[in-house]
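# Sequence and computational prediction follow.
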Amino acid sequence: MHSDLFATENMVKPATTAGMSLQNAKSIVYAVNGECYARQGSMIAFRGNLQFEKLGQGVGKFLKRAMTGEGLALMAVRGQGEVWFAHEAANCFIIDIAPGESLTVNGRNVLCFDPTLSYEIKVVKGAGMTGGGLFNSVFTGHGKLGVMCEGNPIVIPVSAHAPVFVDTDAVVGWSAHLQTSLHRSQSLGSMLRGGSGEAVQLKLEGEGFVIVRPSEAKPQPASNG
């Protein structure tokens, strides 16, 4: 059988090391030898002896999700084998987090991560509930984090002399040590008259970077649970 479908770049190659790697621009393959974590529903294929367990909101460090109503719906993948993760054909990237580093990521952009990383949901400092309840996932420790982005991400440096203002619906993540606050770019009178639709942004100050995607968040369907 002959087709461009069977081109070399589309064919899966045996894993040479444990852990995650890019299968292609739209998916991540994880060679599991023990366990890993991933967003629920992101598994598109697997082979080997693997078990998938939904992590409840009241399990250990995931308790805070029940308190905030935000964060990640996660599953644990345990055993030995290979598993492929993807979500709505979003672009995938792997971030190596070294000891002492930390990264704040929007929960909707997390795909999978190593069990050596610690994960906690925190309210975005300075945002309170006025920004719609801005809760992000903070990753610390050491290991790899698989993230996804609708479209090609834009990484903007943040410096002490050049703070960056981002749309809260477009932000993917940022250096966790940056200072955050809400910035109102319209007067109350302008907002009452309709305004531009971009009334409030997240202001980031300090030294680091912020990642944004070239689109705002799509409306999420109402949950039945």
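Cool, the structure landed.

# Could you find the closest non-adjacent residue to Glu9?
Asn24 (7.1 Å; CB to CB, 6 or more residues apart in numbering). The C-beta positions use only the backbone N, C-alpha and C, and glycine is treated the same way.

# now swap in Asn10 and tell me
Spatially, and ignoring its direct neighbours in sequence, Asn10 is nearest to Asn24 (7.7 Å; CB to CB, 6+ apart).

# Compute the distance between the one you found and Leu55, please.
27 Å (CB to CB, to the nearest Å).

# quick one, which of those two is more surrounded?
Using other CB atoms under 10 Å, the more surrounded residue of Asn24 and Leu55 is Leu55, with 17 against 12.

# so that one makes contact with Met75?
Yes. If you go by CB atoms under 8 Å, Leu55 and Met75 touch, sitting 6.1 Å apart.

# before we move on, what SS does Asn152 have?
At Asn152, secondary structure determined by DSSP: H, G, I helix; E, B strand; the rest coil is coil.

# who's in contact with it?
Neighbouring residues of Asn152 by CB atoms under 8 Å, 6 or more residues apart in numbering: Asn91, Pro214.

# How much space separates it from Arg213?
Applying CB to CB to Asn152 and Arg213 gives a distance of 8 Å.

# Equivalent analysis for Asn136, please.
Taking CB to CB, one finds Asn136 at 14 Å from Arg213.

# nearest spatial neighbour of Lys26, skipping sequence neighbours?
Ala89 is the one closest to Lys26 (CB to CB, 6+ apart), at 5.1 Å.

# before we move on, back to that, quick check: the residue nearest to Asn10 touching Thr8?
No. Asn24 lies out of contact with Thr8 (CB under 8 Å); the separation is 11.7 Å.

# all helices in this structure, in order from the N-terminus.
64-68, 188-192 (DSSP state H).

# pLDDT on the first one, on average?
Meaning helix 64-68. Helix 64-68 shows a mean pLDDT of 44.

# what's the answer for stretch 2-18, then?
The model assigns stretch 2-18 a mean pLDDT of 80.

# Do me a favour and get the end-to-end distance for that stretch?
End-to-end distance for stretch 2-18, by CA to CA, to the nearest Å: 32 Å.

# can you check stretch 95-110 too?
Using CA to CA, one end of stretch 95-110 lies 11 Å from the other.
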